[in-house]
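1. Could you look at this predicted model? Sequence included:
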Amino acid sequence: MRYLFLAVWIMVATFSSAQEINKVVLDSEINKEVLIGMCSRDGFKNELFKTWFDEGYSSYLPDANTVKELKKHKKDLTFTIVMATWCGDTREQLPRFFKIADEAGLGEKSITMIAVNRSKSAGEVSIEPFSVTRIPVFIVYKNGLEIGRITESPTLSLEKDMLLILMQAE
């Protein structure tokens, strides 16, 4: 089953190279423009999303000791994030994730992001293989195998939950 997630991740990563990245569409359910499909951090440079992303990023102070421990485990670590720019939990957690990633030295190539609309559709990208029921979801992989998830909001903090997932997988 874990190899299925690796295969899906490879398919998503391969498919994403032919996809439009950081596509903005009007979500008719909420009458707002949202990111849809495959996206990258650059999508948050768009004025529609920049303010909340930048404010969340600059105001978050990850626990330094936890980040130091994450650095020790970053080898062969990848993430798939299914999120939504209209979602309050995403607006809170995604900037924090990138602050942690930057401080822990996680490369952006290790992060795959898929944005969904209010109907939890990612446009041309299927999120079905990820069994997402709530967003955001941060799926953590080590050596290509899923080792854990953080869904909606972390239990302790994003960085502490990430480290707990890593420690439990060892």
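-> In hand now; what should we look at? This structure is a prediction, so every number in the text was calculated from the model and none was measured. Residues are numbered from 1 along each chain as shown.
2. And the next helix or strand past the top helix by length along the chain?
-> What stands out as the longest helix in the chain, according to DSSP state H, is helix 88-104. Sequence order places strand 111-115 as the next helix or strand after helix 88-104, per DSSP states H and E.
3. now that next one, how far from the chain's geometric center?
-> 5 Å (C-alpha atoms, centre = their mean, to the nearest Å).
4. Would you mark the buried spots in the longest helix of the chain?
-> Residues 89-101, 103-104 are the ones in helix 88-104 that count as buried (16 or more other C-beta atoms under 10 Å). Where C-beta positions appear, they are placed from N, C-alpha and C, glycine not excepted.
5. lowest-confidence helix or strand of this structure?
-> helix 2-16 (a mean of 48; mean pLDDT, DSSP states H and E).
6. Give the pairing partners of the next helix or strand after that helix; include direction for each.
-> Following helix 2-16 in sequence order, the next helix or strand is strand 23-27 (DSSP H and E). Paired neighbours of strand 23-27 in the sheet (DSSP bridges): strand 32-39 (antiparallel).
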